[in-house]
Every structure is written in structure tokens, then in C-alpha cells.
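Chemist: Sequence plus predicted model, see below.
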Amino acid sequence: MACAQNRLATGGRSELAKASVSEAGAVLLGNSVACDAFDADRLFHVVTHAHADHLAGLRKSLRSGKKVLMTAATRDLVEVIYGSLPINGNTVEVMDYGKTLKHDGEQVTLVKADHILGAAQVLVEDSTGARVAYTGDFRVEGTEPLLDCDVMVVEATYGNPLCKRSFGLDVKELLISLVEKNLRYGAVYVFGYYGKLQEIMQLLHNADVSVPFVMPEMVFRVSKVCEQHGMRLGNLTLASAKEGKTLLDENLPCVAFYHMNARNSVGLNASRICVSGWEFHSPCRQIGEREHLVAFSDHADFEGLLEYVERCKPKRVITDNYRVSHGATLAKEISRRLGIPAVAMPGRKR
């Protein structure tokens, strides 16, 4: 594994054409950038998006005075969801998509990724034109391809060939239909994670599902951040407010949005929908008397990962083997199917 890593690190048009994933989960690009985890030797800490598994060591970077880079939407979401993090100081620099930050012969650019609001890919270039990149988490649709990279670090959440969603159906239309059908009987509870919940709100709002959307305070606050950054989410009501309490207590038509962690404590006798990317057998299946599981994901599946790598045509690929256990499998499949040298890092899953 060490030899393979060295070949990946040193190949390319200059010494900068290297990348790796540290044992602590930091995606290291060029000489100065660490993504989604703390690294003591890197000046810049890039946060690709506001999910917890990509915020490792952020507090340490903020306290140690490193320059922390993220989009404005990611900053606002982190501030709301993880309020104890001191992200309002001078160490945080907000970057728009497509804008570059230059330092010591390198330039860093954040490129849009289709995942949750504010998600970004990271591109590092040097004066010779050498390019190394990190996809962060993404879906193929809406994610701008990073072309002509010497090394690309690719997420591997669904990097196993078994992780395919070849349903032949529009899951979004199915979800809308399921919500509308169950609204005939009263409140519909939707359980998911921050970012995905707000995407579903926007989906239903755009489909003219005009009932109130009821939610607890944290989901409400996250939703308000999403609205501030251009998402249109509909009629939002706090579950603790008089209107929200009446709607839920009397089981009146509304859609109640709750974090997945609340699944076992609210809406137990109502119509319920859980949205998960870890469903590959059916776009929608019944898992309880009044509960359905819908295969709604904000990550590329296995075929999507291969499609994106093939579209970008990097010279070499590193798969992220820190956050999930499929990095080694995905690297093997990229090498075998696409003929692109690939290796998983770190070498052993933590």
C-alpha cells in the first residue's frame, strides 16, 4: 500500500500533484490545504459542507488560528446546528463558488457540489497547471465536473457495487405522490437529516403541496437559513407554536419534518415516511402499518460515482476510506472498470 500511495503522490506535472487522506480523516491537497478534518501542518482547513462527519477537528483548527474556508451557506448552517463552535472570528473566510484564494504558489477554489445547501468540491492548482481535487459528498446531477486533474480524491459512501438504485422510477415523484395520498388521513411525518429535509420541503412546495409544514425548533432554524440562501420551502410552522400544536394534536393535514433521531418518539400513530439513501432494493417499501421507507439520497450511488470519475477523467484517483468502509472496493472497481489507477486512503479503515 505504501508503494501505491507514493506512486499516486509523486505522479503528475509537478511536486504539487499529490493528495492523500490522513489517518485522522483529513483530505490533504497540495502543500497547504486540509479538508474536513484538522491537520497540524496545513495552513488552510476547508469545510466542504455542514454534516458532522466532515467537521472533525474544526474546533481545534479555529482555536489554533488556522484559516478556515467554507461557503457562506455552510458557515450559516454550522453556526445554527453546532452553535458552540466559534466560527464568527477572523479565522473563518467565506468563499463563493468559483472564487480563488492564492497562497505561496497555490490557489484554492471551491466548486459547487450537489449534496446539501452550501456543499463544495475543492480544487488546488499551482503555477505549472498541476491540479488536485476533492469531491466532498455529492450527487452527479448538479455537480460540476472537475476536469484534467492529476489526482482526485473521491467520496466512497456508496462505493460498493451492491449500492445501486436502478429503479427505473422517479423517486421524487413517488415521494410527492405518497405524501399527497397520506394527507387525506391527516398529518404526515417525514424523518430525515438536515439538508435532505429542507430539500424535500422545497420539492413538495414546488409541487404545490400547500398544507403547513410543521417542525421542531432546530429543523425550523436550519430551514430559515436555507431560505436566506435562496431555497423556497413553503409555509413553515413551529411544532411548539399554537398552530403547530393544533395541527399535530388533532391530526390535521400537514407535513411534519423531524430529524431521524426523533423517529422513535414522535408521530407514532400517524402516517410516517423515512427517507434514506441506504435503500437499494425498492424506491419505496412499507416498513410498518403506516410507515414507508423511500430511497431518497443526497449521495451518488455506485454507478454515479463511476460515472462522475469517468466524466472527469483524472489521471489518478484516491478514494476516501476514512468515513466509510467501501473505499478499497471502490478503488479496485475504478481501476478495473475505468483503467484509472486508484487506491484507498487511509490504508486501513479506522
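Modeler: Thanks, I have the structure now. Residues are numbered from 1 along each chain as shown.
Chemist: What strand or helix carries the nearest residue to Glu243 once chain neighbours are set aside?
Modeler: Distance criterion Cβ to Cβ, 6 or more residues apart in numbering; nearest residue to Glu243, sequence neighbours excluded, is Thr237 at 5.3 Å. Where C-beta positions appear, they are placed from N, C-alpha and C, glycine not excepted. When secondary structure is defined by DSSP states H and E, Thr237 falls within strand 236-238.
Chemist: Enumerate residues external to that strand that contact any of its residues.
Modeler: Outside of strand 236-238, the residues that reach it under the criterion Cβ atoms under 8 Å, 6 or more residues apart in numbering are 201, 212-217, 220, 223-224, 243-244, 247, 254.
Chemist: what about 7 Å?
Modeler: Residues outside strand 236-238 that contact it (Cβ atoms under 7 Å, 6 or more residues apart in numbering) are Pro212, Phe213, Val214, Met215, Glu217, Phe220, Ser223, Glu243, Gly244.
Chemist: So which of those sit within helices?
Modeler: Glu217, Phe220, Ser223, Glu243, Gly244 (DSSP state H).
Chemist: Looking at those, which is nearest Asn264?
Modeler: Of all the ones in helices among the contacts of strand 236-238, the one sitting nearest Asn264 is Glu217; the distance, using Cβ to Cβ, is 19.3 Å.
Chemist: okay, now the closest one: neighbour count?
Modeler: Close neighbours of Glu217, defined as other Cβ atoms under 10 Å, add up to 10.
Chemist: who touches it in this structure?
Modeler: Leu238, Ser240.
Chemist: mind checking how far it is from Asn251?
Modeler: 22 Å (Cβ to Cβ, to the nearest Å).
Chemist: now swap in Leu338 and tell me
Modeler: Leu338 sits at a distance of 52 Å from Asn251 (criterion: Cβ to Cβ).
Chemist: ok, now Arg184?
Modeler: Summarising the geometry, the distance separating Arg184 from Asn251, computed by Cβ to Cβ, is 12 Å.
Chemist: Could you do Val132 as well?
Modeler: Distance from Val132 to Asn251, counting by Cβ to Cβ: 54 Å.
Chemist: So between these two, which is more surrounded?
Modeler: The residue with more neighbours, out of Val132 and Asn251, is Val132; 31 against 14, by other Cβ under 10 Å.
Chemist: Now do the same contact list for that one.
Modeler: Val132 makes contact with Leu16, Ala17, Lys18, Ala19, Leu29, Gly30, Val124, Cys149, Asp150, Val151 under the criterion Cβ under 7 Å, 6+ apart.
Chemist: Kind regards, and thank you for your time.
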